[in-house]
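Asker: dropping a prediction and its sequence here:
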Amino acid sequence: MKKIILSLAFVGFLWSCSSTQSTAKQNDVAVTIDLINVKEDKVMVTVTPPTFTSETVTFHFPKTVPGTYSEDDYGRFIENVKAFDAKGNTIKVAKIDENSYTIFDAKKLSKITYLVNDTFDTEKGGSFGTDIFSPAGTNIEAGKNFMINTHGFVGYFQDQKDLPYQVTITHPKTLWGATSMIDTDASATKDVFNTPRYAELVENPIMYAKPDYTTFNVNGMDIQIVVYSPSGKVTAESITPEMKKMMTAQKTFLGNINSTKKYSVLLYLSSMQPNDAKGFGALEHPTATTVVLPEMMPLAELQKSMIDVVSHEFFHILTPLTIHSNEIQYFDYNTPKMSQHLWMYEGVTEYFANLFQINQGLIDETDFLNRIAEKIEQSKSLNDTMPFTTMSANVLYSPYKEQYLNVYQKGALIGMCIDIIIREKSNGEK
């Protein structure tokens, strides 16, 4: 995740870096998301469960998700949870906490339905409490835009996260769903996506809007740049040349590392209206990055910001999306355990995001050293004596969470120091 301070002459903002499925295979979870019949800014979701042999089952919505370092309680945005048997009779449901529901008579359970509220229009003092970082949030704007970070729409059954998920999304014909997943349905108003487990579904955002995208290939990787601009002033074509130049340089820097075959950059531009996104930055995924920025930015500033935030997110392909600890591999969405490795996940990633630019000639030596000097100074404004591994493992709680921004300062400096040591010890060969 990339959070940055954005300064403009006229405004200052803080922005953080087939048919409807009615049955499921016995060991699958089938989900239908209805983007056509949107009522009161809410979307209906239907979940068809696997077969249960227990008397009760617990259905969860995430408390937090990978790449974010806060407890966000996505269950806050869910309402009217109901359960039904095969005959359409209701089954008792009891809410356990903000994110969890116990469903009784689980052996008879045929489907669950609920309504989803979006997070964008509740930011900055909305009725749902603490804000969700916008690139990890959701948007519901009927007929215009749906930002579907799937963890905000789809829950999971306890101890069943490794089951395959089939997600069917019905949508207006005028809207196109941009994602790195493969749509297995050819119709113009329905998309069907299949993932082998819940964690992979969560890592695949989808943005529905009027089609505005470009595609290009860099060293065997297909890349799509997708833009939603409320007024239409910014187009995918207007930012693609700079993005292609930057991502070509990144792929060259990475060399033979080529685990991702398709990568999507989903850019949502906020109108800055009271009911629109206010948390700016980006969130990484193995095959995608969601980016939220203000539409009012001058094009040159927008291009510069996209290079900054997307280059950081793209390098997350290495860590934590490829190299990571058990806490990431077996992520617990409802009782999250953070690892000690933010120095690597965010710090080394931030270092690479700057290093590749001088390595590939996008910036000169003075620019690079100035950036490092700024990180040294900014790290001193934070708690420079707090052990970084301790802060990392406890980043969800005070006083450590207030020091999170240091991952982009001292974390990057740690990465640079390790690089210097490796170069020294290997006589410059590594």
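Answerer: Nice, I can see it. Numbering: from 1, shown residues only.

Asker: check contacts around Glu55.
Answerer: Each residue near Glu55 by CB atoms under 8 Å, 6 or more residues apart in numbering is listed here: Phe104, Asp105, Ala106, Lys107. C-beta here means a position set from N, CA and C on the backbone, and glycine is covered the same way.

Asker: how about Ile169?
Answerer: Contacts for Ile169 were tallied using CB under 8 Å, 6+ apart; they are Thr32, Ile33, Leu35, Ile148, Gly177, Lys190, Asp191, Val192, Phe193, Ile206, Tyr208.

Asker: go with 6 Å
Answerer: Listed by CB atoms under 6 Å, 6 or more residues apart in numbering, the contact set of Ile169 reads Ile33, Asp191.

Asker: how much space separates it from Ile36?
Answerer: 10 Å (CB to CB, to the nearest Å).

Asker: looking at this protein, which helix or strand is least sure?
Answerer: Every helix and strand of the chain was ranked by mean pLDDT, DSSP states H and E. The lowest is strand 12-15, at a mean of 38.

Asker: I'd like the next helix or strand past it.
Answerer: Counting by DSSP states H and E, the next helix or strand C-terminal to strand 12-15 is strand 29-39.

Asker: for that following strand, packing partners?
Answerer: When contacts are defined as 3 or more CB pairs under 6 Å, 6 or more residues apart in numbering; DSSP states H and E, strand 29-39 sits against strand 42-48, strand 165-170.

Asker: out of these, indicate the one that is most buried.
Answerer: Mean neighbours per residue, mean count of other CB atoms under 10 Å, is largest over the helices and strands packed on strand 29-39 for strand 165-170, with a mean of 22.

Asker: could you check the angle strand 29-39 makes with that strand?
Answerer: Angle, strand 165-170 to strand 29-39, by axes from the mean of the first three to the mean of the last three CA atoms, to 10 degrees: 20 degrees.

Asker: okay, the angle between strand 165-170 and strand 42-48?
Answerer: Angle of strand 165-170 versus strand 42-48, following the same axes, to 10 degrees, is 140 degrees.

Asker: which strands and helices lie in contact with whichever helix or strand comes after strand 165-170?
Answerer: Once the chain leaves strand 165-170, the next helix or strand it forms, by DSSP H and E, is strand 176-178. Packing contacts for strand 176-178, counted by 3+ CB pairs under 6 Å, 6+ apart, involve strand 206-209.

Asker: what about the helices in the stretch 301-430 of the chain?
Answerer: Secondary structure of the stretch 301-430 of the chain (DSSP state H, counting those that start in this stretch): helices located at 326-329, 342, 349-359, 365-380, 388-393, 410-425.

Asker: pick the most deeply packed of those.
Answerer: Highest mean neighbour count among the helices of the stretch 301-430 of the chain (mean count of other CB under 10 Å): helix 342, a mean of 24.

Asker: what's it in contact with?
Answerer: Around helix 342, the neighbours that count as contacts under CB under 6 Å, 6+ apart are Ser392, Val407.

Asker: quick one: average pLDDT of that helix?
Answerer: Average pLDDT, helix 342: 92.

Asker: which elements pack onto the longest helix seen in the chain?
Answerer: If you go by DSSP state H, the chain has its longest helix at helix 236-254. Judged by 3+ CB pairs under 6 Å, 6+ apart, helix 236-254 is in contact with strand 213-218, strand 221-228, helix 299-314, helix 349-359.

Asker: reformat these as CSV; add distance to Val154 and mean pLDDT.
Answerer: Formatted as CSV, these follow (distance: least, CB to CB, whole Å; pLDDT from 0 to 100):
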stretch, distance to Val154, mean pLDDT
strand 213-218, 24, 96
strand 221-228, 21, 96
helix 299-314, 22, 92
helix 349-359, 27, 94
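
Asker: among the ones you listed, which is nearest Gly88?
Answerer: strand 221-228 (37.9 Å; CB to CB).

Asker: and that closest one, what does it pack against?
Answerer: strand 213-218, helix 236-254, strand 262-270.

Asker: could you rerun that using 10 Å?
Answerer: Applying 3 or more CB pairs under 10 Å, 6 or more residues apart in numbering; DSSP states H and E, we find strand 221-228 packed against strand 145-148, strand 176-178, strand 206-209, strand 213-218, helix 236-254, strand 262-270, strand 288-294, helix 299-314.

Asker: C-terminal to the second one, what's the next element?
Answerer: The first helix or strand that comes after strand 176-178 along the chain, using DSSP H and E, is strand 190-195.

Asker: and for the first one?
Answerer: Towards the C-terminus, the helix or strand next in line after strand 145-148, according to DSSP H and E, is strand 156-157.

Asker: list the buried ones in the longest helix of the chain?
Answerer: 236, 238-240, 242-244, 246-251, 253-254 (16 or more other CB atoms under 10 Å).

Asker: thinking again about what came up before, comparing the helices of the stretch 301-430 of the chain, which yields the minimum mean pLDDT?
Answerer: helix 326-329 (a mean of 87).

Asker: got a list of contacts for that one?
Answerer: Applying CB atoms under 10 Å, 6 or more residues apart in numbering, the contact partners of helix 326-329 are 66-67, 199, 319-321, 336-341, 345, 393.

Asker: ok, of those, which come out buried?
Answerer: Listed as buried from those are 66-67, 199, 319-321, 336, 338-341, 345, 393; burial here means 16+ other CB under 10 Å.
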